[in-house]
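Asker: Sequence isn't available, so here's the structure alone:
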């Protein structure tokens, strides 16, 4: 479930080709300013999800917590887009109101990963030597513990709440960010333009802040987007196992977990599942698009 | 080469040992930041039925009356001597509890790994061979499956194979068929990762100059794939596969919960809900050992498989994906 | 040539009676990449046993034409239209299944960069067997023998060792011999060589070209040579075809095209090739020459018995040279000669193990960071490759201003003025200052790099192969800018190059380096007219001379 960023790291990004390459692939290299339709659609989905989490009240008039006993297990209809659950609560409303904690907790997780992992990678890669070796072993340790298991252990240490699940997910993502940041820093640090800047009188700090960081941040941004999608999945997984906020909270993973006990009302599983899939798919599509345009 | 390889191997083995020890320490620290005192709370919970004598003995055993660093030291020395401690809940040795559930999880994870690798190679092959239009559709599979929570995959398979087709019952979760279906659920997201890297590598390799030159020697696409592209594309995948072992172990938590399997995952879940810390500590240590050993093997194997890798003074250099952008006059080698 | 005789006698190429005289006929060939046309309406013909050179700079479409002929354009992206007939048979429209037997067997291909043209994870032998499989020879051992014989024929000393090696275990020159061998092994009627030497050192370049010329004669192969170098083309081909932006500028027999170019582009190309125009910048260069003659006192730069070792490699071994103020000193050598290490020592990027380096009489070693920084202000470097030496995230204005910001020169307005002045002096248009490097051409980027070096108004500029990544016409512009700046501002240059012809055009004194040592040094005119060392002579002999070469004699 938790995907290490191997794909992002091993993807060959090669240096810019020389002008000698008048054969192979000028067309593939040409900058396309037009954004593909699927990417536009993905931005649309993400925008909608963000809107749900900011102002759920605008999208649904049903109370997510109040059930109507007469309306148990209604299948999806015009009145209840995603149907109703075992207490007669409107599932669409529950999904919309559950967005905030499902999505914003993923943001918290990514923020932790970017800040902590980025810093570790930046310091290790830039200073090198003993500091780098020590930090590298620490990152190896984080990597050696399966990240979902690590998240479970951390959340069980901190207590079963969604925010703790987010922190746990963030900690388990630190290693990936540290690795990518470090390799980017190493790559940039040995770049000719960095040596040029040192020759032109640039200090180490100047080089770090003005040259190394901007160049490395591109890959880290792209990884952050990818990791955002993954964090949604991990947090949903934790919620599915009951390690998030308890009901009546309506995190997407929790909705699926509760819904699976009612096989005669399959929409209770599929509605929140499809929302999760659409969100993560859109985020991944945007990440992929960022990777191809820089 | 061989003395370089020996130095490289020794270095990697030492690193691996250090990482396992640090992983143990790290887990200990994380668990001991727990607010409150879950151990004595658990012990003194009348439902658990410990006698005062036993409580004193267990507290002394874990050194809970000692400062944290002493506890850590003692826990670590016990771990090194192979003693994983005693469960706070069942009063059984943790090693025995793990021994009971480990075979089930190893069967599941092992089958899932095979499923993942086979699926990934099949998909990568299909992408290269099927007509471009169909290949394009298949190309989107990895990213699609990376976007689906694995509990959804599990629930779907369970729905189809157990409830609809009635091929197995959740009660008999250890039958070969049930294991296979659970392994597919666990393996699909992992195979998506492997396939993504493999497809990207194949694309990369097929764009390399040597591929065009090989075709200029009259090679067709099929022979080009088998003789030229497959090996350089799949070598880096060895490393990726080793990395996914962690995910198989982590993912088995959810898969075992869905398919009702009594494996390490469900043991973890029970231990989390009962705050059975020695069990959690042992499971994390075990997972770290498995991960580190598998990755160590992959790293030791890699230089033997890939002739491009050079081992200078015990460090691995040389690129794994050939970076072959031509720079017209070769730049002087400044440092060796 | 015994092995070769055996091959031709046992493996005769089946031939129809009285083959047509024209082997390859291209008419109205156009190639588009994803809707963007890169080759338009190109036509030419190549007679059996003849050679034709396609000449052009980057973006001219010359390599695209080669790939279109072999039908190796990137699948799904590149589309070719027009007519190509090979041996009297239209091949552009053939289904892949019918075209494939022609590849290797009838049309051989020699690629540009040998180091990336063989599969790195397979032995050379296994890849060579693919070419040998095209011989109609059922016996596997005979095929292997054919491979080994061919390796010997292309001048590889130890064929069996080459056969068992992986590509990274051989040098670029050896790999290119392997590739030439694999291309000729199945005895094709046509050999397409796409810049077969541009990734190689000059002396090796000449040997590979000699090999191609020789094989052409002994094996009766027609040659389609693709090159950016007019001099090489004129020396090696019977006919020339000059391309620019995917269109034919002119074509004809070598003698007429080369001696009396009809198109203005060909005339420009001919004028810009250093090897053909040693005195092109005589006037500008004379200014520095005058300074050299009038030199009094100590030289501006003095490198005294400097050595540097990396591991077991003695990269620079007892190197000494001096540069007078306002003149250009060139370090010339092939890869691995130590010339780049020498200038890194000069710039203080590496520390020498032995020896002294003096800049304007001040010793460079043992300085603190701050005083080294002060020296560097007057000692600037222009890198070889403008594609890696400029931060891709910065804009031109900021790139050129960076040194001023770092050394805190003047106020904001003054800095802006000096940036503008530096850009003007390298001839870079005003509207480009807001662009990032990716939006500039190679020549524009190198101008930015030079402006960056100039903006601090240094005394000395070290130029590390500043034009080797650029096209010849762009190179000519850059060289002119450099010489003009020297004449106007009295700059001192240390110029590193592998290109002797270029050195002859612009330098005043020269040190020829080989394996870390200076083998010969002195004024350019002396060294070039009367080289004392065999190595220098071999470098000079490697220079293509256009028609004065074999064809003229």
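Answerer: Arrived safely. Please read all numbers here as calculations on a predicted model, not as lab measurements.

Asker: For residue 178, give me its contacts.
Answerer: Assuming you mean chain A. Applying C-beta atoms under 8 Å, 6 or more residues apart in numbering or on different chains, we find residue A:178 in contact with A:116-118, A:120-121, A:124, A:135, A:139, A:142. The way it works is simple: take the backbone N, C-alpha and C, and place the C-beta from them, glycine included.

Asker: wait, I meant chain C there
Answerer: By C-beta under 8 Å, 6+ apart, residue C:178 lies in contact with C:114, C:118, C:124, C:128, C:151, C:154, C:156, C:162, C:170.

Asker: A helix includes it, no?
Answerer: Yes. Assessed with DSSP: H, G, I helix; E, B strand; the rest coil, residue C:178 lies in a helix.

Asker: Check the gap between it and residue C:427 for me.
Answerer: Here residue C:178 is placed at a distance of 44 Å from residue C:427 (C-beta to C-beta, to the nearest Å).

Asker: Same question for residue C:466.
Answerer: Distance of residue C:466 to residue C:427, given as C-beta to C-beta: 15 Å.

Asker: between those two, which one's more packed in?
Answerer: Higher neighbour count among residue C:466 and residue C:427: residue C:466, with 28 against 16, using other C-beta atoms under 10 Å in any protein chain shown.

Asker: isn't the more buried one right next to residue C:384, touching?
Answerer: Yes. Look at residue C:466 against residue C:384 with C-beta atoms under 8 Å: they come within range, at 6.8 Å.

Asker: Show me the common contact partners of these two, please.
Answerer: Contact with both residue C:466 and residue C:384 is made by no residue, according to C-beta under 8 Å, 6+ apart.

Asker: Which members of the contacts of residue A:178 are positioned in strands?
Answerer: Among the contacts of residue A:178, the subset assigned to strands under DSSP state E is empty.

Asker: For those residues, name the two members farthest from one another.
Answerer: A:118 and A:142 (14.0 Å; C-beta to C-beta).

Asker: Please state the mean pLDDT value computed over stretch C:376-385.
Answerer: For stretch C:376-385, the mean pLDDT works out to 86.

Asker: how far does it stretch from start to finish?
Answerer: 21 Å (C-alpha to C-alpha, to the nearest Å).

Asker: close to chain B, is it?
Answerer: Yes. Interface with chain B: stretch C:376-385 contributes C:384-385 (C-beta under 8 Å from any C-beta of the partner chain).

Asker: Tell me which residue is most central in the chain.
Answerer: Went with chain A since none was named. residue A:228 (0.9 Å; C-alpha atoms, centre = their mean).

Asker: actually it's chain B I care about, not the one you picked
Answerer: Closest-to-mean residue, chain B, C-alpha atoms, centre = their mean: residue B:245 / 1.5 Å.

Asker: Show me the shaky parts of the stretch 151-294 of chain A.
Answerer: Applying pLDDT under 70 to the stretch 151-294 of chain A flags residues A:293-294.

Asker: chain center to whichever strand or helix holds residue C:32: distance?
Answerer: For residue C:32, the host element (DSSP states H and E) is strand C:22-33. Relative to its parent chain, strand C:22-33 has a centroid offset of 27 Å by C-alpha atoms, centre = their mean, to the nearest Å.

Asker: cool, and stretch B:101-117?
Answerer: That offset, for stretch B:101-117, works out to 11 Å (C-alpha atoms, centre = their mean).

Asker: Now that stretch: average pLDDT?
Answerer: Rounded mean pLDDT across stretch B:101-117 is 91.

Asker: picking up where we left off before, does chain A have contacts with the following helix or strand past the strand holding residue C:32?
Answerer: Following strand C:22-33 in sequence order, the next helix or strand is strand C:36-47 (DSSP H and E). Yes. Against chain A, strand C:36-47 shows contacts by C-beta under 8 Å from any C-beta at C:36, C:38.

Asker: returning to what we had before: filter the contacts of residue A:178 down to just the ones in helices.
Answerer: Taking DSSP state H, the ones among the contacts of residue A:178 that sit in helices are A:118, A:120-121, A:124, A:135, A:139, A:142.

Asker: Can you tell me which of those is nearest chain B?
Answerer: residue A:142 (7.7 Å; C-beta to the nearest C-beta).

Asker: Excluding chain neighbours, what is closest to residue 232?
Answerer: Because you didn't say which chain, this covers chain A. residue A:106 (4.5 Å; C-beta to C-beta, 6 or more residues apart in numbering or on different chains).

Asker: nope, chain B please
Answerer: In this structure, residue B:232 finds its nearest non-sequential neighbour in residue C:121, 4.9 Å apart by C-beta to C-beta, 6+ apart.

Asker: Need the phi and psi values for the one you found.
Answerer: Here is the backbone geometry of residue C:121 (degrees, to the nearest 10): phi -100, psi 10.

Asker: What about residue C:69, how many residues nearby?
Answerer: 22.

Asker: Distance-wise, check it relative to residue C:24.
Answerer: 8 Å.

Asker: residues shared between the contacts of those two?
Answerer: Common neighbours of residue C:69 and residue C:24 (criterion: C-beta under 8 Å, 6+ apart): C:84, C:224.

Asker: ok, which stretches of the stretch 1-150 of chain B are helices?
Answerer: Residue ranges of the helices in the stretch 1-150 of chain B, as given by DSSP state H, counting those that start in this stretch, are B:2-32, B:38-44, B:52-62, B:68-80, B:94-129, B:132-139, B:141-145, B:150-157.

Asker: and of those, who's closest to residue A:177?
Answerer: Nearest of the helices of the stretch 1-150 of chain B to residue A:177, taken as C-beta to C-beta: helix B:2-32 at 17.4 Å.

Asker: got the buried residues for stretch C:402-414?
Answerer: By neighbour count with 16 or more other C-beta atoms under 10 Å in any protein chain shown, stretch C:402-414 contains the buried residues C:402-407, C:409.

Asker: In helices, which of these appear?
Answerer: When the buried residues of stretch C:402-414 are checked against helices (DSSP H), the matches are C:402-406.

Asker: Run through the residues that contact the residue in the stretch 351-500 of chain C that chain A sits nearest to.
Answerer: Per C-beta to the nearest C-beta, residue C:406 is where the stretch 351-500 of chain C lies closest to chain A, at 3.6 Å. Each residue near residue C:406 by C-beta under 8 Å, 6+ apart is listed here: A:197, A:200-203, A:206.

Asker: Same question for residue A:215.
Answerer: Counting by C-beta under 8 Å, 6+ apart, residue A:215 has contacts A:184, A:188, A:191, C:391-393.

Asker: Among the residues you listed, which one sits closest to chain B?
Answerer: Of those, the one sitting nearest to chain B (C-beta to the nearest C-beta) turns out to be residue A:191, at 13.8 Å.

Asker: quick one on the thing from earlier: for the contacts of residue A:178, give me TSV that also has distance to residue C:332.
Answerer: Listed next are the contacts of residue A:178 as TSV, based on distance: C-beta to C-beta, whole Å:
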residue	distance to residue C:332
A:116	52
A:117	48
A:118	46
A:120	47
A:121	43
A:124	42
A:135	45
A:139	47
A:142	52
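
Asker: show me which of those neighbour chain B.
Answerer: Applying C-beta under 8 Å from any C-beta to these, one finds that residue A:142 fall near chain B.

Asker: of the contacts of residue A:178, closest to residue C:199?
Answerer: Out of those, the member with the shortest distance to residue C:199 (by C-beta to C-beta) is residue A:121, at 35.1 Å.

Asker: Surely that closest one and residue A:186 touch.
Answerer: No. Counting by C-beta under 8 Å, residue A:121 does not reach residue A:186; the two are 9.3 Å apart.

Asker: okay, those two: which has more neighbours?
Answerer: Legend: neighbour count by other C-beta under 10 Å for residue A:121 and residue A:186, higher for residue A:121 (29 against 18).

Asker: Got the confidence number for the more buried one?
Answerer: With respect to pLDDT, residue A:121 has a value of 91.

Asker: Give me the spatial nearest neighbour of it, chain neighbours excluded.
Answerer: Nearest residue to residue A:121 in three dimensions, chain neighbours excluded: residue A:181, at 2.8 Å (C-beta to C-beta, 6+ apart).
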